[in-house]
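Trainee: I would like to see how this sequence folds:
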Amino acid sequence: PFSSHDALSELADRVSGEVKSFIESRGIEGLAEMPKLQKCRELDKGDFMMLWAPYCSRNKIKPAEFTADLAKDLQAHVDAQAATGGAPRFVQRVVGAGPYLNLFVNRALVFHLAVQLVQAKGSKYGHGTVHAGKRVIIEHTSSNPNAPLHIGNLRNVMVGAHMAKMLEAVGYDVKQHFYVNDLGAQIGLTALAYSRVYPNLKPSQIKRDHWIGQMYAIMNTCSELQKVGVDVGRLADAAHESKGAVEEIEAAAHKAKEGDEKAQGKVKEYVDIFMDLRSRFGELFEVTVQTMRRVPDIQKTSAELNLAYERQEPWAIKIFRKMVTDCLSGVTETLNTYGVQHDAFDFESELGWEGSNTRVLDIIKSSPYYVPETQCNEEGVPQGSYLNMTKFIADQKLPTGKKGYQKEYPNFYVLRPDGSTLYTFRDVVYSFKKASKSDMILNVIASEQNLAQEKVALAMYMVGGKEMIGRQTHLTYDIVRLPHGKMSGRRGRYLLADDLYDELKEIIREVMRKKYEEKGEVMDEATFDKVTHEVSSASMKYALLCVGARVQVTFDMQKVTSFEDSSAPFILYNSTRVVSLLNKFKERSEKGDPRCPPLPAADACDYSALDNQAEWELLMDFVLPFYQVIEGGACPNVPPLPGLPEFKTHVICEFLNAFTRRLSSYYRAVRILPGDSDGDGGGGAMHARLQLCKAFKQTIDNGLRLLMVEPVEKM
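Mentor: Numbering: from 1, shown residues only. A predicted model of the protein is given here:
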């Protein structure tokens, strides 16, 4: 039986071994190394091939004549072995074709061994242990804890969770981490409002993360209006009076900023946003604004709250953690909808509290590339401390230019002029913390953060030495483009992951209900809800993973919910067709249909009856190379710094789509169960085909699970 996780390579090794044994016994003059065996692209011309052109060229031999003679001799050897009986061999037929030696294998034997392997491995078929013992931390999602997840966040989620599944499938010990950015101006603004609004107003009929996201949009608008001299309390009163009253306040603020076009633009922009939020967020807007009208400087007050939190003052910790954990509970609920779970939530604030910031800062300050902060630099202005990365790159002779680092590399700033830490510095601290718990760190990050992530990895090298080279890399992804409109958290406008799921599910439910009605079938409501949930979440996952991570996704609801080719519903449907096929066979068998005798065990089936080229190609093109597809996506080549490995997050979608398209054609072309007339399906191949279809389904289902999609039994 096959024993390797890589079934196609094992088959190739066994075929190659038989050919090598013959060649060694025959002897070929001048042969230093046997040509590599490769799978044929066109399986009607051969299953495997060897290219003898280089050998023939070196030895001045005509390739076609050489391969014809070699094929004739090898075929005679194969026939002689078959005549003596004994264990079946893999090589069955040999053909010379120009410089190629084409080999056809014993299909019955391979079908048997492949079905046996898939059934033995079950849900672990396609998984390997090549990287066993190596620890990986994947940081993904890491959305700000003052807003719900939107579709842009969701691509980060899907890419990260999918890569975790892929890396686990090749043997890595994977942990998924969420970095909670609970410091900074945005969080301080939201925590300030939450601490003062929540005692008087609780969210009802709305998730807390949605409610908190709305609160942040309101607070940011109020703060920005104060900066351009607009009294938010008076503006709120004017909004209750009339449109004209609002216009008067806007005009006065505009006049006060005469000569400052930028400030005048902000007056109009944020008055418009204020009125828009007022129309959409109702009671929350009114309560928040009325509360904030008593705060003369929102930005300063929130900054003071932030500082108290960083200093671990208990009253501030209580405020921040209440708001952040409430928001994260809503985010976690959304992640659960899509079947995604993190192993750890790492709080940015705790890096300072536990002393990690101080320890790393002391090491950085001892670096010869560290330049301290100053209140008066060469240009006469305050400047924060930094690491001189340009000098480090030059000293280490690292590549620059087209495939290297920028020639004049930006400094990596560590501290502000007042000595407070920057979030970029804290990113380095967090990276060292992850490095202490893993052998590899993979950060899933939007493409706009490429330079920032590159600087963090370079800073780790500067501070931690050469052992940090390659320890951290990032998987970059491009944006999700909407057919119309732009998202903005500050304006409270985004396509929420929760709303998107609800819309998807409603469309899927409508389509599936119509299909059931057309077929006259009935499904109980609980099962129907479970199936439509899985199909809906699968549709979203497929839509965000079906193209390379570095390619923009244009989110088209009609395409996402399609039950035709290139969609999650199409793949799930073809998986359920096998279930339907087996159920029909079982029903006929239990009713005593003489043409449907009970299904024997896989080992007892006659695989020599499988004579359809399509089923052989399905096995060779999809089932046997499944592990290679996974490994190819999860373990890309690692280029020299600063290049990034290109993790292929789209290959499983491509694989499943191609597999199910071919499988669908096979179903149409081959009748597996007996039809109404003699010779119409069934026969000696039926049992073997049923077992083979079970192997097809297992492979598809294992691929779906790599996409965090649980297969369904009926659609």
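Trainee: contact partners for Gly98?
Mentor: 63-64, 67 (C-beta atoms under 8 Å, 6 or more residues apart in numbering). Every residue, glycine included, has its C-beta placed from N, CA and C.
Trainee: pick the one among these closest to Pro399.
Mentor: Pro63 (42.0 Å; C-beta to C-beta).
Trainee: okay, now the closest one: neighbour count?
Mentor: Neighbours of Pro63 under the rule other C-beta atoms under 10 Å: 20.
Trainee: next step: the contacts of Gly98 restricted to helices.
Mentor: Members of these lying in helices (criterion: DSSP state H): 63-64, 67.
Trainee: in JSON lines: the residues you listed, plus pLDDT.
Mentor: Formatted as JSON lines, the ones in helices among the contacts of Gly98 follow (pLDDT from 0 to 100):
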{"residue": "Pro63", "pLDDT": "95"}
{"residue": "Ala64", "pLDDT": "95"}
{"residue": "Thr67", "pLDDT": "96"}
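Trainee: export those residues as CSV, with columns for distance to Gly520.
Mentor: Formatted as CSV, the ones in helices among the contacts of Gly98 follow (distance: C-beta to C-beta, whole Å):
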residue, distance to Gly520
Pro63, 63
Ala64, 62
Thr67, 60
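Trainee: isn't there a helix covering Gly96?
Mentor: No - with DSSP: H, G, I helix; E, B strand; the rest coil as the criterion, Gly96 is located in strand rather than a helix.
Trainee: let me see the contact set for it.
Mentor: 64, 66-72, 102.
Trainee: if I look at it, how far off is Cys56?
Mentor: 12 Å (C-beta to C-beta, to the nearest Å).
Trainee: any shared contact partners between these two?
Mentor: What both Gly96 and Cys56 touch, as defined by C-beta under 8 Å, 6+ apart, is the set Phe66.
Trainee: can you list contacts of stretch 389-406?
Mentor: Residues contacting stretch 389-406 (C-beta under 8 Å, 6+ apart): 369, 407-412, 454-455, 458-459, 462, 640-643.
Trainee: helix/strand/coil for Leu103?
Mentor: Strictly by three-state DSSP, Leu103 counts as strand.
Trainee: next one, pLDDT for Phe2 please.
Mentor: You'll see Phe2 listed with a pLDDT of 86.
Trainee: next one: it from Ile630, what distance?
Mentor: From Phe2 to Ile630 the distance is 17 Å (C-beta to C-beta).
Trainee: name the residue in these two with the higher neighbour count.
Mentor: Neighbours were counted for Phe2 and for Ile630 using other C-beta under 10 Å; Ile630 has more, 27 against 19.
Trainee: mind listing what's buried along the host helix or strand of that one?
Mentor: Element membership of Ile630, judged by DSSP states H and E, is helix 626-634. Neighbour-count burial for helix 626-634 flags 626-631, 633-634 (criterion: 16 or more other C-beta atoms under 10 Å).
Trainee: and which of those residues is nearest His240?
Mentor: Checking these one by one against His240 (C-beta to C-beta), the nearest turns out to be Gly633, at 57.6 Å.
Trainee: how near is the closest one to Leu644?
Mentor: 15 Å.
Trainee: still on that earlier bit, next SSE downstream of the helix holding Ile630?
Mentor: Using DSSP H and E, the helix or strand that follows helix 626-634 towards the C-terminus is helix 651-669.
Trainee: by how many degrees do that following helix and helix 626-634 diverge?
Mentor: Counting by axes from the mean of the first three to the mean of the last three C-alpha atoms, to 10 degrees, helix 651-669 lies at 150 degrees to helix 626-634.
Trainee: could you dump helix 651-669 to CSV, C-alpha only?
Mentor: These are the backbone C-alpha positions of helix 651-669, laid out as CSV (Å, rounded to 0.1, in the frame of the first residue of the first chain):
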residue,chain,number,x,y,z
VAL,A,651,-4.4,27.6,-4.8
ILE,A,652,-7.0,25.6,-2.9
CYS,A,653,-9.9,27.5,-4.4
GLU,A,654,-8.4,27.0,-7.9
PHE,A,655,-7.8,23.3,-7.2
LEU,A,656,-11.4,22.7,-5.9
ASN,A,657,-13.0,24.7,-8.7
ALA,A,658,-11.0,22.8,-11.4
PHE,A,659,-11.6,19.4,-9.6
THR,A,660,-15.4,19.9,-9.3
ARG,A,661,-15.8,21.2,-12.9
ARG,A,662,-14.1,18.1,-14.2
LEU,A,663,-16.1,15.9,-11.7
SER,A,664,-19.3,17.5,-12.9
SER,A,665,-18.5,16.6,-16.5
TYR,A,666,-17.6,13.1,-15.4
TYR,A,667,-21.0,12.7,-13.7
ARG,A,668,-22.7,13.8,-17.0
ALA,A,669,-20.7,11.4,-19.1
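Trainee: remind me what it packs against, helices and strands.
Mentor: helix 525-545, helix 568-590, helix 613-618, helix 626-634, helix 686-706 (3 or more C-beta pairs under 8 Å, 6 or more residues apart in numbering; DSSP states H and E).
Trainee: closest to Ala239 out of the ones you listed?
Mentor: Closest among the helices and strands packed on helix 651-669, once you apply C-beta to C-beta, is helix 525-545, at 37.9 Å.
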